[in-house]
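Novice: need a 3D model of the sequence below.
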Amino acid sequence: MAYASITKPSLQMNTKLYTGTGSSNALTGIGFQPDWVWLKERNGGGGHNTFDAVRGATKVIYTNASNAEATEAQALTSFDSDGFTLGTNTNVNESGINHAAWTWKANGQGSANTTGTINTTYTSANTTSGFSIIKYPGSGSNGTIGHGLGVAPSMVIIKDLSGTGDWLVGHDGLDATNPWHKYIYLNQGGAVADANTMFNDTAPTSTVINLGTHSMTNGSGKNYICYAFANVKGFSKFGKYGGNGNVDGTFVYTGFKPGFLAIKKTSDTGNWRQYDKLRLGFNPSNYNFQANTADQEETAVHVDLVSNGFKFRTSGGGENDGSFIYMAFAEEPIVANVTSKGVPATAR
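Specialist: Take a look at the predicted model:
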């Protein structure tokens, strides 16, 4: 039996549902001061708004768009000790509109990291949960940036803040032999592509992320934000699976009960799909968003989040027919504590 080092996953990553007020809205109950906040309207067509403590409150980028970073004074106005505060911006706080928030803990604004060949402006690393936020200037030459995690990330997401540019995703599951020659977009539904200029054909190490010369990851004179994730037993997993094309779908073992799940088809085109522990249908559950579109929540339910992984209940090509990558974070570990033997996670 594998034991989890994180006994309460909700103190590292958590989901909150809320209703917009149209006025200043202090949301609490997260359990920590979040450093990355991802917001989406559930019953409206507003975009996916993301904020982080490294760039600072009011600075927004959208996972469904290639727009440069924008300043929205009335969007997320502060990161608070147990949540965050929203202003009057209708994308994140329209009166009477239901929203979902996904939040992660890093290490505040962080500090400069000089481990790589490119000194980062800030690196905010949570070594417990395997998550870091890195802001860095592009050099235009092959280089490396320090991520501060102490173990190699299995997934990175990079966005050019200075101008229009797609969101780049690198992931260990993109190819069996050389996954870091490959990349995929977060803001599009396209298939996997090849380019040695994105990550210099080199996987991340325990200290650095490798960058090539492409303008979407390392253009001279540009500023970038990078979100880096490492596998943590019992808390997070970044892997791949093959769908079986049957209604009695593929089961994927994670070693915990997922509280947040995102998947992307890699064998063909297909939208990103994201699920969480709160936006429930009935088993099979649960509702999903598409990270690369502004579409409202989709209430067709095709996946079970169970005590040790997730299982599909559809033959659909967007989830269970072809090859896929995924990122998953725990609601509950299978066994949470080495000393006490913990409490086993339960399925719904």
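Novice: which of the helices and strands in the chain ranks last by mean pLDDT?
Specialist: Least confident helix or strand of the chain, by mean pLDDT, DSSP states H and E, is strand 303-306 with a mean of 90.
Novice: give me the sheet partners of that strand and which way each runs.
Specialist: Applying DSSP bridges to the sheet, strand 303-306 is found paired with strand 309-312 (antiparallel).
Novice: show me what the strand it pairs with is in contact with.
Specialist: 243, 249-256, 258, 261, 284, 302-304, 319-320, 328 (C-beta atoms under 8 Å, 6 or more residues apart in numbering). Every C-beta, even on glycine, is put in place using the N, C-alpha and C of the backbone.
Novice: could you pick out the buried ones from those?
Specialist: Those of the contacts of strand 309-312 that meet the buried threshold are 243, 249-250, 252, 254-256, 258, 261, 284, 302-304, 319-320, 328, by 16 or more other C-beta atoms under 10 Å.
Novice: so which of those residues are in strands?
Specialist: For those, the ones inside strands are 252, 256, 258, 261, 303-304, 328, with DSSP state E as the criterion.
Novice: which one of those residues is nearest Phe199?
Specialist: The shortest gap between Phe199 and any of these belongs to Ala328, at 22.4 Å (C-beta to C-beta).
Novice: any idea how far Thr197 is from the closest one?
Specialist: Distance from Ala328 to Thr197, counting by C-beta to C-beta, to the nearest Å: 30 Å.
Novice: residues near Ser220, how many?
Specialist: Applying the criterion other C-beta atoms under 10 Å, we find 11 residues in the vicinity of Ser220.
Novice: contacting residues around the closest residue to it other than its chain neighbours?
Specialist: When the adjacent residues along the chain are set aside, Ser220 lies closest to Gly140, with 3.1 Å between them (C-beta to C-beta, 6 or more residues apart in numbering). Contact criterion C-beta under 8 Å, 6+ apart gives 213, 218-221 as the residues in contact with Gly140.
Novice: make it 10 Å
Specialist: Gly140 makes contacts with 213-215, 218-222, as judged by C-beta atoms under 10 Å, 6 or more residues apart in numbering.
Novice: can you check Ala330 too?
Specialist: Ala330 makes contact with 4, 6, 8-10, 12-13, 232, 234-237, 254-260, 277, 336, 345 under the criterion C-beta under 10 Å, 6+ apart.
Novice: cool, Thr63 as well?
Specialist: Taking C-beta under 10 Å, 6+ apart, we find Thr63 in contact with 38, 40, 47-50, 157, 159, 167, 186-187, 272, 274, 289-294.
Novice: repeat that with 8 Å
Specialist: Contact partners of Thr63, counting by C-beta under 8 Å, 6+ apart, are 38, 47-48, 50, 167, 186-187, 291-292.
Novice: try Asn49
Specialist: Asn49 sits next to 38-40, 60, 62, 75-76, 91-92 when contact means C-beta under 8 Å, 6+ apart.
Novice: in stretch 237-244, what's buried?
Specialist: Buried residues in stretch 237-244, counted by 16+ other C-beta under 10 Å: 237-241, 243.
Novice: redo these as CSV? Include pLDDT.
Specialist: Rendered in CSV, the data for the buried residues of stretch 237-244 read as follows (pLDDT from 0 to 100):
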residue, pLDDT
Lys237, 98
Phe238, 98
Gly239, 98
Lys240, 98
Tyr241, 97
Gly243, 94
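Novice: got any ranges where the stretch 1-150 of the chain has weak pLDDT?
Specialist: Within the stretch 1-150 of the chain, the segments meeting pLDDT under 70 span 1-3.
Novice: strands of that one, start to end?
Specialist: Along the stretch 1-150 of the chain, the segments classed as strands by DSSP state E, counting those that start in this stretch run 13-19, 25-27, 36-41, 49-52, 59-62, 70-71, 76-80, 83-86, 98-104, 111-113, 120-126, 131-137, 143-146.
Novice: can you list the ones you listed in TSV and add distance to Gly309?
Specialist: TSV is the format used below for these (distance: least, C-beta to C-beta, whole Å):
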stretch	distance to Gly309
strand 13-19	17
strand 25-27	30
strand 36-41	23
strand 49-52	27
strand 59-62	30
strand 70-71	38
strand 76-80	32
strand 83-86	29
strand 98-104	20
strand 111-113	34
strand 120-126	24
strand 131-137	21
strand 143-146	32
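Novice: select, out of those, the one closest to Gly173.
Specialist: Shortest separation from Gly173 across these is recorded for strand 131-137, at 18.0 Å, computed as C-beta to C-beta.
Novice: that closest one vs strand 13-19, what angle?
Specialist: Strand 131-137 and strand 13-19 are oriented at 90 degrees to each other (axes from the mean of the first three to the mean of the last three C-alpha atoms, to 10 degrees).
Novice: who does strand 131-137 pair up with?
Specialist: Based on DSSP bridges, the pairing partners of strand 131-137 within the sheet are strand 120-126 (antiparallel), strand 223-229 (antiparallel).
Novice: out of these, flag the one nearest Ser66.
Specialist: Between Ser66 and the strands paired with strand 131-137, the shortest gap by C-beta to C-beta is with strand 223-229, which sits at 13.6 Å.
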